[in-house]
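> How does the following fold in three dimensions:
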Amino acid sequence: MWLLRLLGILTLLLVGGGLSAYLLTGNSRYVRFSWRVFRCAVMVALLVFALLILERFVVIPI
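Numbers count the residues shown, from 1 in each chain. Purely as a prediction, here's the structure:
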C-alpha cells in the first residue's frame with residue numbers, strides 16, 4: 001500500500017511540476033506531459049480498484 005501512496009505523491013509532483021513549467025515558459029509540451037501522466041495514473045488507479053473488487057468477489061484456492 002505504501003507503494004501506491006508513493007506513486008500518488010510522485011504523480012501529483014509530476015503533474016504540478018509540468019503545469020508550473022508551463023506557467024513559467026508558456027511551452028505547451030509541459031501541459032501534454034502533465035495530461036499524459038494524469039491519464040496513466042487514472043488508468044493504474046482503475047486497474048488497482050478493479051483488482052481489489054475482483055479480490056473481494058473471487059476466492060482463489062491455493
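> show me where this protein has helices.
Secondary structure of the chain, counting by DSSP state H: helices at 2-25, 29-57.
> In CSV, list the ones you listed along with mean pLDDT and mean neighbour count.
Every residue, glycine included, has its C-beta placed from N, CA and C. Output for those, formatted as CSV (pLDDT from 0 to 100; neighbours: other Cβ atoms under 10 Å):
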stretch, mean pLDDT, mean neighbour count
helix 2-25, 94, 13
helix 29-57, 93, 12
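> Read off the pLDDT value for P61.
We have a pLDDT of 68 for P61.
> Please report phi then psi for N27.
Phi and psi for N27, reported as degrees, to the nearest 10, are phi -80, psi 120.
> Sorry, wrong one. I was asking about S28.
The phi/psi pair for S28 (degrees, to the nearest 10) reads phi -70, psi -10.
> Name the nearest residue to S34, sequence neighbours excluded.
G18 (3.4 Å; Cβ to Cβ, 6 or more residues apart in numbering).
> surely the one you found meets F33?
Yes: counting by Cβ atoms under 8 Å, G18 touches F33, with 4.8 Å between them.
> Good, wrapping up.
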